[in-house]
Every structure is written in C-alpha cells, then in structure tokens.
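Peer 1: Fold the following and give me the result.
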Amino acid sequence: MLETDKDFAGSIPGNYDRYMVPLIFEPYAADIARRAASLSPTAVLETAAGSGVVTRALAPRLPRGASYIVTDLNQPMVDYAASQQPPDTRITWRQADALALPFEDAAFDLVCCQFGAMFFPDRISGYREARRVLKPEGHFLFSVWDRIEENVFADDVTNALAKIFPNDPPRFLARTPHGYHDKDLIRRELEEAGFSRVGIETRAEESRASSPRVPAVAYCQGTVLRTEIEARDPGKLESATDYAASAIADKHGRGEVAAKIQAHVIVAVV
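Peer 2: Below is the predicted model:
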C-alpha cells in the first residue's frame, strides 16, 4: 500500500458516499449492523468509519443507553459522516488512527471496522490495538474485500484504465482495497495479535447501478483512484471516467447494470 492510498480528501468523501456507498457498501453495512446488534453491545467503537454507512445502519439497532464512538483516520471523512447522521447523544465522533487508538484498555464490548483493515500500514499492530481496547470476551467484527476478480466492476475499471495508461496503469483498487483477501493470512495475523477464536465467512452480494456510468464515476472519482488518474494526467479524469463507463457498457449493457461483489466477514474474540 502507498501512503497516498489513505488520503480520502477534497471531493472524494462526497462522491464516495453518493456513488460508492449504494453501489457496494450498503449491503455489507446492513449485514455488519445485524451481526453487531446480535452481540448486544453497550460500548461500541467503530474504526475506519468512512462516510458513516455502518454508523447509519447500526445506531438505530443499539440500546438507548449504549455508547458509540465513531472514528476515521481522515478528518474530512469524520466531518462528512457526522453531517449525514441524525442527532444522537449516544454517538461521539473522533479522528483517530486505528493503529494508535486514544482509548483505555478494555473499554469496549465491540470494535467494528467495515473495509478498513486493508488500509492499515501494519495490520497486526492494528489488530493488537483492537484487542487492547476490547473487554474480555469482546468481539472484533470487520470485513475485507475478496480478490478483485470476484468484484467485477472494480476489475472492469482497473482493466479499462490499464488501456489508457499502459505504461503506468493505476492499480489502487487491486493493490489496496482488494489486496488483502488471503483468509489463511488474515487468520494468522489475528492469532499473532492475540485473538483466541477467529471465524471467517465469505459473502457474495450483487452490485447494481442505474447505468454503466455510475460504477465508473464511483471508482474513478469516489476513491483514491482519482488521485492516481490525476497524477498521470491532470486533465484526463473525465475522459478516463468516460472510457471506464464505455468498457462497463460493452460488457454489461447500456441500461441498468449488475455484477458480483464479494467480501470476507471476520469475527475475532478476545
């Protein structure tokens, strides 16, 4: 992972929430919220919360007296997520690094993190921090994307951009969001971090959009892929997006489109 892979700033948070969230994140947020609520936690920490899709799904499921601290490494994401959430005295918003959490030991029943672990520069350190702030028998619930070939629109966009920039193809999607999919490695790293029980479930969903342009804009302008495109040619963002949309249309049709997405959902117990 490159250092710039973590930089969700500028116009990215808004485009991320407008396009990426309904395209690929909402089905998994609903699943994470259901799993989290079934554990009946009263003290919850969310890391790498992004634009707040899990927060919006989970908060209504938590009891009235619960405490819910929502964090992200990027302050623009924290600000955006807070702006999208109805007022709720149970929720505290904080900028925080998942590798150096500013919380006491054994403070939470549940730590949840949807599609954030792939961005940890040192995943074992991040897992140790999650374990440190969890109470005995506490749960670490998180998800990561499966390999890019199992996530069709992401693969389509990556392949299309490789044709535009053949000498230096933008590889953000394959490198980081879809670069941490080995279940044996995930299990080993969690065990090395001190978790005693680890369960991993692979879950497929369907990504749907009203047109081929929606996934093209989502990936090219709602992720750090935008930064990679603009670094190669500052004036080529729109034409690159158009080309990705055309590639998706050629493969999936020019009306409403649908394709497979797939992720691993992990539960680790202290």
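Peer 1: how far away is the spatially most distant residue from the centre of the chain from D233?
Peer 2: What lies farthest from the middle of the chain is N167; by CA atoms, centre = their mean that is 28.6 Å. Noted for N167: a distance of 12 Å to D233, by CB to CB, to the nearest Å. Quick note: C-beta positions are derived from backbone N, CA and C, even for glycine.
Peer 1: go on, A96?
Peer 2: 35 Å.
Peer 1: who has more neighbours, those two?
Peer 2: With neighbours defined as other CB atoms under 10 Å, A96 and D233 compare such that A96 has more, 21 against 12.
Peer 1: What sits closest to the more buried one if chain neighbours are left out?
Peer 2: T71 (3.8 Å; CB to CB, 6 or more residues apart in numbering).
Peer 1: what bridges to the one you found?
Peer 2: R94 (DSSP bridges).
Peer 1: shouldn't it be in contact with R94?
Peer 2: Yes: counting by CB atoms under 8 Å, T71 does reach R94; the two are 4.9 Å apart.
Peer 1: what do the two both touch?
Peer 2: When contacts are counted by CB atoms under 8 Å, 6 or more residues apart in numbering, T71 and R94 have V78 as shared neighbours.
Peer 1: Would you mind telling me which of these two has the busier surroundings?
Peer 2: Shown here are T71 and R94; by other CB under 10 Å, T71 has more neighbours (24 against 15).
Peer 1: ok, now which ones touch that one?
Peer 2: Neighbouring residues of T71 by CB under 8 Å, 6+ apart: L45, E46, T47, A48, A49, V78, W93, R94, Q95, A96, A98, L101.
Peer 1: what pLDDT, on average, does stretch 253-263 get?
Peer 2: Averaged across stretch 253-263, the pLDDT comes to 98.
Peer 1: Dump it to PDB, keeping only the CA atoms.
Peer 2: C-alpha atoms of stretch 253-263 as PDB (Å, rounded to 0.1, in the frame of the first residue of the first chain):
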ATOM      1  CA  GLY A 253     -25.200  -3.300 -21.300                       C
ATOM      2  CA  ARG A 254     -26.200   0.300 -21.500                       C
ATOM      3  CA  GLY A 255     -29.200   0.400 -19.200                       C
ATOM      4  CA  GLU A 256     -29.300  -0.800 -15.600                       C
ATOM      5  CA  VAL A 257     -26.200  -2.900 -14.800                       C
ATOM      6  CA  ALA A 258     -25.500  -5.500 -12.200                       C
ATOM      7  CA  ALA A 259     -22.400  -7.600 -11.200                       C
ATOM      8  CA  LYS A 260     -21.000  -9.700  -8.400                       C
ATOM      9  CA  ILE A 261     -19.200  -8.300  -5.400                       C
ATOM     10  CA  GLN A 262     -17.600 -10.500  -2.700                       C
ATOM     11  CA  ALA A 263     -16.100 -10.000   0.700                       C
END
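Peer 1: For that stretch, which residues meet the burial criterion?
Peer 2: Neighbour counts over stretch 253-263 (16 or more other CB atoms under 10 Å) mark V257, A259, I261, Q262, A263 as buried.
Peer 1: and what of stretch 163-173?
Peer 2: Buried residues in stretch 163-173, counted by 16+ other CB under 10 Å: I164, P169, P170, R171, F172, L173.
Peer 1: The first one contacts T241, doesn't it?
Peer 2: No: under the contact definition of CB under 8 Å, I164 does not touch T241, with a separation of 10.4 Å.
Peer 1: What is the neighbour count of L237?
Peer 2: Burial of L237 is recorded as 16 neighbouring residues (other CB under 10 Å).
Peer 1: same deal with R188?
Peer 2: 13.
Peer 1: got a pLDDT number for it?
Peer 2: pLDDT for R188: 98.
Peer 1: Now do the SS call for it.
Peer 2: Following DSSP: H, G, I helix; E, B strand; the rest coil, R188 is assigned to helix.
Peer 1: which residues does the closest residue to D146 other than its chain neighbours contact?
Peer 2: Spatial nearest neighbour of D146, excluding adjacent residues (CB to CB, 6+ apart): Q262 at 4.2 Å. Contact analysis of Q262 by CB under 8 Å, 6+ apart lists W145, D146, E150, N151, T202, R203, A204, E205.
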